[in-house]
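J.: Take this sequence and fold it.
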Amino acid sequence: MLLGFHANVSGMNYNSEILDVVSNNLSNTDTSGFRRSLSVIRSREEHDNSKWVDSDARERLPGFHGVQRTGIYKIYKDTGKLQETGNSMDVAIPPELQNAFFAVKRNDGDPNTYYTRNGTLSFGLQDISNPNSPNVLYLGGHLALDDGNQAIEIDPSFGELSIGADGQVMQGETAIAELPIYRMNKSPDPNVQQSANLQLLNQMGDSLFRIPPESRQEFNPFRIEIGNGINRVLVQGMRESSNVNPMSELVHMMEATKSYSSNASAIERQMGGLEKLFELVRR
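T.: Presented below is the predicted three-dimensional model:
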């Protein structure tokens, strides 16, 4: 009976975690470049309470004592669909480049470099509190970086701004900068194309990903040469949606809710059985 109790409690904990993960996925359905998460478990064959079970009972019962979480994994293999925006300034990284990202910085003084697949482009003052600061390019509301890891300055008086499929930032007929994309390579040798383990990236919210300090050796961001007409990679007038399927997530939510209720009912029945057992012992 105690084994069943612990198994049901672990099941409730897992169902609760699933609901948290699914809720987060659903809340980011419309977040460009978001990667949905998946909670993964395995059978818990033994735990600290197993030693209190009679050895004869352990031999008769299956070696299962509930579930144990192995981790929460992000799904990078399935990229989001490309959605037409009607804005010629918006660009998207093709779905086949699953480990490619734009480089950006937050506009709050944070010195760290972040990565995103949100190609929603705009421009504005680099320092909104200073009207004399230069105008710069933004990606998804964050400072877009050139291949020198610097903000891309623009001058609106030079003409209409546009982004080419080759990453060239144009004002009128003049190329003023290039918007690079980077592939996350595991090998420090750019000639050895070995994708880094993207599961190690921190998904920060607001379409941003960060290389954690403890995993820097795993990631070697190398620029993909797309400029100067060598390769035309970026898709113009498009944005990448999240890879969340709302209907699928709702099904997972209903299944987890039903399973949570079933485990709770099973615990209630077991507690009722224990109460009856205690009453018999007291007589």
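J.: What residues does residue 168 make contact with?
T.: Applying Cβ atoms under 8 Å, 6 or more residues apart in numbering to residue 168 gives the contacts 175, 177, 178, 179, 227. Where you see a C-beta, it was placed from the backbone N, CA and C, and this is true even at glycine.
J.: Tell me who's in contact with the fourth one.
T.: Contacts for residue 179 (Cβ under 8 Å, 6+ apart) come out as 91, 102, 137, 144, 146, 152, 163, 167, 168, 169, 234.
J.: sorry, back to before: of the contacts of residue 168, which is the nearest to residue 208?
T.: Using Cβ to Cβ, residue 179 comes nearest to residue 208 of the contacts of residue 168, at 16.8 Å.
J.: State the distance from the closest one to residue 101.
T.: The gap separating residue 179 from residue 101 is 12 Å, by Cβ to Cβ, to the nearest Å.
J.: can you check residue 20 too?
T.: Taking Cβ to Cβ as the measure, residue 20 falls 26 Å from residue 101.
J.: So between these two, which is more surrounded?
T.: Neighbours per residue (other Cβ atoms under 10 Å) separate residue 20 from residue 101, with residue 101 holding more: 22 against 14.
J.: For the one residue sitting closest to the centre of the chain, give me its contacts.
T.: With distances taken as Cα atoms, centre = their mean, residue 35 lies nearest the centre of the chain, 3.8 Å away. Contact partners of residue 35, counting by Cβ under 8 Å, 6+ apart, are 74, 75, 76, 203, 242, 243.
J.: same question, residue 257
T.: So residue 257 contacts 15, 19 (Cβ under 8 Å, 6+ apart).
J.: part of a strand, is it?
T.: No - counting by DSSP: H, G, I helix; E, B strand; the rest coil, residue 257 is not found in a strand; it is helix.
J.: tell me the domain ranges of this protein?
T.: The chain breaks down by automatic domain parsing into domains covering 2-77+244-282, 82-240.
J.: Quick one: mean pLDDT over the shortest one.
T.: Along domain 2-77+244-282, the predicted confidence averages to a pLDDT of 73.
J.: Phi, psi for the residue nearest to the centre of the chain please.
T.: Per-residue torsions, residue 35: phi -110, psi 120 (degrees, to the nearest 10).
J.: Nearest residue to it in space, ignoring adjacent ones along the chain?
T.: In space, and not counting its chain neighbours, residue 35 is closest to residue 74: 4.5 Å by Cβ to Cβ, 6 or more residues apart in numbering.
J.: how close does the one you found sit to residue 171?
T.: Note on residue 74: its distance to residue 171, by Cβ to Cβ, is 37 Å.
J.: related to what we said a few turns ago, is it possible to get JSON lines of the contacts of residue 179 that adds distance to residue 84?
T.: Shown next, in JSON lines, are the contacts of residue 179 (distance: Cβ to Cβ, whole Å):
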{"residue": "91", "distance to residue 84": "12"}
{"residue": "102", "distance to residue 84": "19"}
{"residue": "137", "distance to residue 84": "21"}
{"residue": "144", "distance to residue 84": "21"}
{"residue": "146", "distance to residue 84": "27"}
{"residue": "152", "distance to residue 84": "24"}
{"residue": "163", "distance to residue 84": "15"}
{"residue": "167", "distance to residue 84": "20"}
{"residue": "168", "distance to residue 84": "21"}
{"residue": "169", "distance to residue 84": "21"}
{"residue": "234", "distance to residue 84": "14"}
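J.: Out of the residues you listed, list just those in helices.
T.: Using DSSP state H, no member of the contacts of residue 179 falls in helices.
J.: Please identify which of those is nearest to residue 12.
T.: For those, the nearest to residue 12 is residue 102 (41.1 Å; Cβ to Cβ).
J.: before we move on, back to that, just flag the most distant two among the contacts of residue 168.
T.: For the contacts of residue 168, the farthest-apart pair by Cβ to Cβ is 175 and 179; their separation is 11.1 Å.
J.: Now for these two: what residues contact both?
T.: Contact criterion Cβ under 8 Å, 6+ apart; residues shared by residue 175 and residue 179: 168, 169.
J.: Sitting in strands, which of the contacts of residue 168 do you find?
T.: The strands, defined by DSSP state E, take in 175, 177, 178 from those.
J.: Go through the residues you listed and give me the one with the most neighbours.
T.: residue 177 (22 neighbours).
J.: Let me see the contact set for that residue.
T.: 137, 146, 152, 153, 154, 168, 169.
J.: so the fifth one touches residue 137, yeah?
T.: In other words, residue 154. Yes - counting by Cβ atoms under 8 Å, residue 154 does reach residue 137; the two are 6.1 Å apart.
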